[in-house]
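# fold the following for me, if possible:
(chains A and B)
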Amino acid sequence: MYVVAASKNNDSGRWMSVWSGLATGLLVLAAMVSLTSPSSAIPAFARKFGMPCSACHEAWPKLNNFGQVFKDNGYQMGNDRDSPISKDPSYWPVSFRITPHWHRENTDRVGTDQVPTGQSVTTHGFDLSGLDILTGGTLSKNISFLLTPSADNTATFHFESAWVRFDNLLKSSWLNVKVGKFELDNLLSEKRILTLSANGGSYRAYHFRPQGGLPGSIGADLPSPLATGIGDNQIGFEVMGHSKNSYTRYSVAVVSATDGNVSLPTNRGYDTFLTFSQAFEAGGLGLQRVGAFAYVGMYPTYGLTSGGNFLPGTGVGNKMYSQLGFFGMWYLKKLDVTTMYTRSKESAYLATATPATAALPIGAHDPSWNGFLVETHYTVNPQFILINRFDTIRMSQQPLDSLTKDFGNLNALTFGYRWYPFMNSRDGFAIHNEYSRVSSKGISPTGNDSISSSVFLGFDFIF
Amino acid sequence: MARKAQRLSFVGVLIVAVASSLGAQEAHVGNLTGHADAGKKLYKRFCIGCHGERGDGVGDNAPFLEPKPRDFTAATFKCRSTLTGNLPTDEDLYKSVVRGFNTSAMPSWAPLTAQTKIDLVAYIKSFSPRWHDEKPADVLKIPTETPVTIESISHGGELFQKLECWKCHGQEGRGDGPSASTLTDSKDQPIRPYNFTGGGRFKCGAENEDLYRIFMTGVDGTPMPSFNDVIKPVDAWDLVHYLRTLQKTRKSRENEVLKAAGGKLLPPKPEEKKPEDPAKEPENKGAGNGRK
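Numbers count the residues shown, from 1 in each chain, chains lettered A, B, ... in the order given. Coordinates of the predicted model:
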């Protein structure tokens, strides 16, 4: 992900390596996003409680406030019918989600061996998403769980979620403790995102890293470069609380600084995530919500080696990165608009992949950037929703003086619709159509903007 | 030809009339006004799976539920502040939506906005013509609760025997009285009397006032009759106090008082005078009431 690009003084050979890295990175990113499907709606709950998807979801997988309360209560309705002992013994809380689809991906100005200065690269065809196997519910009253074995589209599995939660401790909804691998308490949830394409399937603000590091400087004594995202599931524990109707919510999570990867691949550090939100009713317009979050993390810049290779888990020389965000969810009857502002910063050591024991490159700074997001939904009815999102990132401080001010600035536009031909309490099916376009400032081989786009037509089903 | 046109126009007028009457259905709670046309869309989103498109309680999921979802076309409602056989108030329905029904599939819909809930209430009222045909009924007046004393609790215990509550609820309130296994509701579905010893929330509320209201108004559609014409308010409070002591695991003023008295009720007082009409049975009248 670290590339040298568009410095004011560069040469063509360097451009080639830069562009090869960038193109590879983009392809890997596209593959990662398209191959893993987000966890989300869980028809096992619909079957357990006999409710249509629309009871808990504005349009699955996006939760409404009733669904949010259900989730906050530890997948409990609170009517003394939550415990498995009150259910038919044959009930088995398992759901599957996968999305067969056709997609077209295009990236312009890709440096190839044939056209080193860049050419448009397009591919399209039928494909599969990853698979989520969602098992969740209650083990007993006020002890809930979620286990999500998840596979990419080659059926290579990992655990996307694996947690147990102790609900309503001290008989209070204000104290719940969750341990394991879980999604951070993002109300703008990337696991419930309504867009699925390679370019549109993630919130840019959660994953953006400044361009312009120095990939050549990563030595064997360095763990892999920082690659984390608030949208990624993390491993740790969370203390969370909410009012009975979840209008007021808070969450504090302490997680291993491994971006959710198992076996402690990098270091012994811990990250902290905090969030708070407050909702209020605005007459017939609906429920409005405002909130804020902060993520503070540490990541190693070097570590012990054996035979010249980095020894997993021995990373030291931690440097900090952080993100602060404010969001609002505004409902105007059928139209809802989510707005989010994020302010992010990270150490120049991380941005330039420099060991803490070494001197920073000349002209290096702690990079910082701002993110803005506006996502609009028009819920025509519970079975048809129109989606639009505009994501933008603006660098306010580049990691190196040699980079232009707007280098790496990003705009992403996504729009589409989801149509649910039927709605019942057994399963879910959506025909999903989406277009997404992302442009990044000045990172093409010629110093022009790089533009990539996705067209996606999917058949998203969950049972 | 003219006759056909006349018939068609009649059907058209009928459709418009039905549609407009449906759209005109409203519900009022405090400053809130609910509209059936808005509620219809919400009903489809939240309720249709159990209560069915026509509100008759036969949604896709109904066969798998116990107890069965409410049939709104019958307009028989368990939780009312009105006397037995009458329609509930809008506020009764609103509270039911907010509270949900314990030990049933009906959850609390408190997380929905107030406007959403009142719109749903308005739409629920469109399923039965009773809401158009009948005037609003009087609401049961609940007098101030009497002090919780061992005398009150003991007298409540006597009433529990005298009114034969034990026949369904059992002597210890476990819901296992001799009649319990034979009970059915107004839809001929088996129904279980409330088990007080579980300590769970009552279907129609959690407070003493709710318990008072439950047996004074009766639970329409079930064998639980109304006692409003049978006992005086002060006796009703005594019964409430006694019933609370059957919830042994629940912290309550009643259990504290009973414990302070050594856990024993006072012996029954000799009756001062005979009841006016000893042959009078507890009433259980009104449309849709269940059978004993």
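
# could you check the pLDDT of the closest residue to chain A within the stretch 151-292 of chain B?
Each residue of the stretch 151-292 of chain B has a distance to chain A, by C-beta to the nearest C-beta, and the smallest belongs to B:Gly200, at 5.5 Å. The C-beta positions use only the backbone N, C-alpha and C, and glycine is treated the same way. According to the model's per-residue confidence, B:Gly200 sits at a pLDDT of 77.

# I'd say it and A:Gly78 touch.
No: using C-beta atoms under 8 Å, B:Gly200 and A:Gly78 do not qualify as a contacting pair, with a distance of 11.2 Å.

# and the helix or strand where A:Thr148 lies, which strands flank it?
Element membership of A:Thr148 [criterion: DSSP states H and E] is strand A:143-151. For strand A:143-151, the paired strands and their directions (DSSP bridges) read strand A:131-140 (antiparallel), strand A:157-166 (antiparallel).

# between those strands, which gets the lowest average pLDDT?
Taking each of the strands paired with strand A:143-151 in turn, the lowest mean pLDDT turns up on strand A:131-140, with a mean of 93.

# isn't A:Ile385 up against A:Ala430?
No: counting by C-beta under 8 Å, no contact exists between A:Ile385 and A:Ala430, whose distance comes to 9.1 Å.

# what is in contact with those two at once?
A:Arg418 (C-beta atoms under 8 Å, 6 or more residues apart in numbering or on different chains).

# got a list of what the most centrally placed residue in chain A touches?
Within chain A, the residue whose C-alpha comes closest to the C-alpha centroid is A:Gly231; the distance, by C-alpha atoms, centre = their mean, is 2.8 Å. When the contact criterion is C-beta under 8 Å, 6+ apart, the partners of A:Gly231 are A:186, A:189-191, A:202-203, A:206-207.

# re earlier: what about the residue of the stretch 151-292 of chain B closest to chain A, how many residues close to it?
Burial of B:Gly200, expressed as a neighbour count using other C-beta atoms under 10 Å in any protein chain shown, amounts to 17.

# just for chain A, where's the confidence low?
Under the criterion pLDDT under 70, the flagged ranges of chain A are A:1-40, A:213-222.

# tell me where it has helices.
Read by DSSP state H, chain A holds these helices, from start to end of the chain: A:12-35, A:43-49, A:53-56, A:65-72, A:204-207, A:348-351.

# so which residues on the stretch 251-400 of chain A come close to chain B?
By the rule C-beta under 8 Å from any C-beta of the partner chain, the part of the stretch 251-400 of chain A lying against chain B is A:281, A:283-284, A:286-287, A:381-382.

# let me know how buried the closest residue to B:Pro67 other than its chain neighbours is, in neighbour terms.
Beyond its immediate neighbours in the sequence, the residue positioned closest to B:Pro67 (C-beta to C-beta, 6 or more residues apart in numbering or on different chains) is B:Ser104, lying 5.4 Å away. The local packing of B:Ser104 (other C-beta under 10 Å) involves 18 other residues.

# check contacts around B:Ser104.
Contacts of B:Ser104 (C-beta under 8 Å, 6+ apart): A:79, A:81, B:65, B:67, B:203.

# mind picking the two most distant members of those?
Put simply, by C-beta to C-beta the two of the contacts of B:Ser104 set farthest apart are B:Leu65 and B:Lys203, 14.9 Å from each other.

# okay, those two: which has more neighbours?
Each of B:Leu65 and B:Lys203 has its neighbours counted (other C-beta under 10 Å); B:Lys203 has more, 22 against 17.

# now do the contacts for the more buried one.
Contacts of B:Lys203 were listed using C-beta under 8 Å, 6+ apart, and they are B:78-79, B:101-104, B:194, B:214, B:219.

# and the buried ones among those, selectable in ChimeraX?
Applied in ChimeraX, the following selects the buried portion of the contacts of B:Lys203 according to 16 or more other C-beta atoms under 10 Å in any protein chain shown:
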select /B:78,79,101,102,103,104,194,214,219
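
# any chance of the contacts of B:Lys203 in a markdown table, plus pLDDT?
Formatted as a markdown table, the contacts of B:Lys203 follow (pLDDT from 0 to 100):
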| residue | pLDDT |
| --- | --- |
| B:Lys78 | 93 |
| B:Cys79 | 94 |
| B:Phe101 | 90 |
| B:Asn102 | 86 |
| B:Thr103 | 84 |
| B:Ser104 | 87 |
| B:Tyr194 | 91 |
| B:Ile214 | 93 |
| B:Val219 | 92 |
